[in-house]
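Compute the structure for the input listed below.
(one chain, ligands or ions: 1)
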Amino acid sequence: MNPSLSAAVVQLAPTVDAAANRSLITGLVAEAAAAGARLAVLPEEAMLTAGEVKDEPVADVVSREWPLFVTLLSDLAIEHDIWLIAGGYEPSGQARPYNTLVVLNPRGEVVTTYRKVHLYDAFSYRESDYVVPGAELPPVVMVEGVAIGLINCYDIRFPELARDLVDRGADVLSVSAAWVSGPAKEDHWTTLVRARAIENTCWVLASGTSSADCIGHSLAVDPLGTVRAGLGPVKTGVGLVQISLDRTAEVRESLPSLANRRLSVTVEIPA
Ligand SMILES: O=C(O)CNC(=O)[C@H](CS)NC(=O)CCC(=O)C(=O)O
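Numbers count the residues shown, from 1 in each chain. This next block holds a predicted model:
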């Protein structure tokens, strides 16, 4: 028997009001734990929508709110005996913060963080105007025998990042997002999430915000690309999935594409 893990993707609509976001998070983590989840994945910017900060420098707001956010997550992890992954804005010592994912264990300890590497400078958005990029690749973290690789939103468009996590042993890709709405965007999101699962024959837990400009549509996908839970456009919700590494082994036996790679073959591009 390989390990298995009960996990939840959590959907909410954070605003610029960090205290209100904290009470939303409190309720939803309780709901995930009551449903039996041992890990809850929360979206990017669950702490607050930094793009909407107006009256004060973002750095000041972030310096005040980041510790409150991490303390809340720590308290909830202990209270509900659960692992948590969630996105917030972390002070960087500069005017622009990092867009960071934080991982807490059930003892309330911060196990690791990941600062978003690929900033969303696309579709006329410029995240790099108010966020500073991370300089290190995302970590793989062990959660009850299951290796989880971290991905932050726009990162999902870069297959080499996901493949690197899987090459480093990730059984699950955990994606926290605030996927901006627009033409074809919902299709991009579900297609990319499922593609990362299929091409890596791995589980994907993908949590997204449902704020006014974001699509929601949190989902969990198995190593064959089958959607096992999907929240659609609801404002708040929890989607549960049983991650089974037996299932991964079964899929990889019938679809050994990772093993079938031919890394020694160099493709010549004609001049
Ligand atoms: O703008 C907001 O309100 C919230 N969005 C975010 O915080 C982040 C950074 S701006 N969103 C993405 O990375 C979306 C990627 C994406 O949508 C894509 O790759 O198409």
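
dump the residue contacts of the residue of the stretch 1-150 of the chain found nearest the ligand.
Proximity of the stretch 1-150 of the chain to the ligand (Cβ to the nearest ligand atom) peaks at residue 120, 3.4 Å away. The way it works is simple: take the backbone N, C-alpha and C, and place the C-beta from them, glycine included. Residue 120 makes contact with 127, 153-154, 180, according to Cβ atoms under 8 Å, 6 or more residues apart in numbering.

Filter those to keep only those in contact with the ligand.
127, 153-154, 180 (Cβ under 6 Å from any ligand atom).

coming back round to it: now the residue of the stretch 1-150 of the chain closest to the ligand: how far from residue 130?
Residue 120 sits 11 Å away from residue 130, going by Cβ to Cβ, to the nearest Å.

ok, now residue 92?
Here the criterion is Cβ to Cβ. By it, residue 92 lies 11 Å from residue 130.

Also residue 107?
Counting by Cβ to Cβ, the gap from residue 107 to residue 130 is 33 Å.

So the two - more neighbours on which side?
residue 130 (17 against 10; other Cβ atoms under 10 Å).

just the strands in the stretch 151-271 of the chain please.
172-177, 203-208, 219-221, 227-230, 237-244 (DSSP state E, counting those that start in this stretch).

Including distance to residue 62 and mean neighbour count, could those go into CSV?
CSV is the format used below for these (distance: least, Cβ to Cβ, whole Å; neighbours: other Cβ atoms under 10 Å):
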stretch, distance to residue 62, mean neighbour count
strand 172-177, 17, 29
strand 203-208, 21, 30
strand 219-221, 29, 26
strand 227-230, 32, 17
strand 237-244, 27, 21
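
Flag every buried residue along whichever strand or helix holds residue 60.
Assigned by DSSP states H and E, residue 60 falls within helix 58-80. By neighbour count on 16 or more other Cβ atoms under 10 Å, the buried set for helix 58-80 is 58-59, 61-62, 65-66, 69-70, 72-74, 76-77, 80.

Which residues of the stretch 101-250 of the chain lie near the ligand?
So the stretch 101-250 of the chain meets the ligand at 120, 122, 125, 127, 153-154, 157, 178-180, 185, 188, 211, 213-214 (Cβ under 6 Å from any ligand atom).

Quick check: the farthest pair among these?
157 and 211 (20.1 Å; Cβ to Cβ).

Can you pick out the residue with more neighbours from those two?
Between residue 157 and residue 211, residue 211 has the larger neighbour count (other Cβ under 10 Å), namely 20 against 14.

residues touching residue 26, list them.
72, 76.

That one falls within a helix, correct?
Yes: counting by DSSP: H, G, I helix; E, B strand; the rest coil, residue 26 is found in a helix.

quick one on the thing from earlier: could you check which helix or strand contains the residue of the stretch 1-150 of the chain closest to the ligand?
Residue 120 belongs to no helix or strand, assigned by DSSP H and E.

per-residue pLDDT, it?
Reported pLDDT at residue 120 in the predicted model: 98.

need the helices for the protein, in chain order.
Along the chain, the stretches classed as helices by DSSP state H are 18-34, 58-80, 159-167, 185-200, 245-254.

Quick one: these as CSV, columns for mean pLDDT too.
Listed next are those as CSV, based on pLDDT from 0 to 100:
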stretch, mean pLDDT
helix 18-34, 98
helix 58-80, 98
helix 159-167, 98
helix 185-200, 98
helix 245-254, 98
